Every structure is written in structure tokens, then in C-alpha cells.
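Visitor: This is a predicted model, with the sequence first.
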Amino acid sequence: MMPQSAVSFFLLLVAVSANLTMAVLKDKRAPQTLSRGWGDDITWVQTYEEGLFQAKKSNKPLMVIHHLEDCQYCQALKKVFAKSDEIQEMAQTSFVMLNLMHETTDKNLSPDGQYVPRIMFVDPSLTVRADITGRYSNRLYTYEPQDLPVLIENMKKALRLIQKEL
């Protein structure tokens, strides 16, 4: 009788530890595929339409990042964007975030052409903020890795403009 209860106890331990292991594994969040490397802790919307809806509903600006996987400039910007604590924190808490690898039907998102990388802001009233630009006159909405301070300022500007217009 003793060996059978020992076996039963052993099997019970195995079952409990397997369940615990599964619970722990489930808790570790898998990288979000929608981030595409721009920041796994950011909640990303899937479509431009969803982004507009969430921006209006949450009263947060929508930040739209246009990029392509095989674009070296996009990859370089993505790397510094994902490593910047300040950008990641603002993106997580104060913005509706969308990264797109295709163009939308909204021509307002490409006022000076369909190039990448291109970052545009849309305020909660669903107005594309064409007045929030980067450093380059030939590609107003592009940013290079060394332009991170400009991007951070522009994110803050997008937030300030909402405050003023309420």
C-alpha cells in the first residue's frame, strides 16, 4: 500500500508543478507582432481606421509610422526608437500608436509624397497635423536616428496642441 501512495503523491506533484510551469509561461508576454520591432511594450493598433477611432475615443493623438522592412533608414530609426526610454514611455501612455508597411487611402498622410520612414501625427479631432515636421525641407516628415530629440519634441508638441485646443 505504501508504494502506491508514494506513486500517487509523486504523480500529484508532477501535475501541480506542470500546471505552475504553464501558468508562469503564460504570464511571460510574447513579443507583440504588431510592434514589428518598434516597441513590444507599446499597445499598437492594427489599422488606420482603428487608430482614428481610438484617438477620438481616448482623446490621445495618433502617431503613424510609415516604414518598410527592407529600408535601411527605417531599420536604423526603428533601432533608436525602440531603445529610447523617453519615446517608449510617451508612446505607451500618451499616444495611440500605429506602424504601417503600406500606404493608407488618406492622402493627408502623404502631403509631400509617399516616402519612408515617415512619421505623422493625427489629433483626436481627426486632423492630420501637417504642421508637426522634422528637420528636412525635402521630406518634411522623415526622421533619422540622430533626429530623436526632434521627434521627442514633436511628440510633446502633439500633446501640447491637444491641451490648447480643448
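Guide: Good, I have the coordinates. Numbering: from 1, shown residues only.
Visitor: Any idea which helix or strand in this protein has the lowest mean pLDDT?
Guide: Scoring the helices and strands of the chain by mean pLDDT, DSSP states H and E places helix 2-27 at the bottom, with a mean of 55.
Visitor: ok, and for the helix or strand harbouring residue 82, which residues are buried?
Guide: Assigned by DSSP states H and E, residue 82 belongs to helix 72-83. Buried residues in helix 72-83, defined by neighbour count with 16 or more other CB atoms under 10 Å: 73, 74, 77, 78, 80, 81, 82. Placement of C-beta: from N, CA and C, glycine included.
Visitor: just checking, what packs against that helix?
Guide: Where contact means 3 or more CB pairs under 8 Å, 6 or more residues apart in numbering; DSSP states H and E, helix 72-83 is packed against helix 148-165.
Visitor: Tell me which residues of stretch 124-135 come out buried.
Guide: For stretch 124-135, the neighbour count (16+ other CB under 10 Å) marks 124, 128, 129, 132, 133, 134 as buried.
Visitor: Looking at those residues, which is nearest residue 38?
Guide: residue 134 (17.0 Å; CB to CB).
Visitor: how about the nearest residue to the closest one, chain neighbours excluded?
Guide: residue 143 (5.0 Å; CB to CB, 6 or more residues apart in numbering).
Visitor: Name the SS class of that neighbour, please.
Guide: coil (DSSP: H, G, I helix; E, B strand; the rest coil).
Visitor: Would you mind stating the distance between it and residue 156?
Guide: To residue 156, residue 143 is 15 Å away according to CB to CB, to the nearest Å.
Visitor: Of these two, which one has the most company?
Guide: More neighbours surround residue 143 than the other of residue 143 and residue 156, with 22 against 13 (other CB atoms under 10 Å).
Visitor: OK, contacts around the more buried one?
Guide: For residue 143, the contact set (CB atoms under 8 Å, 6 or more residues apart in numbering) comprises 77, 117, 119, 134, 135, 150, 151.
Visitor: Then residue 160?
Guide: For residue 160, no contacting residues are found, by CB under 8 Å, 6+ apart.
Visitor: burial measure for the residue nearest to residue 44 when sequence neighbours are not counted, as a count.
Guide: In this structure, residue 44 finds its nearest non-sequential neighbour in residue 34, 3.8 Å apart by CB to CB, 6+ apart. Applying other CB under 10 Å, we find 15 residues neighbouring residue 34.
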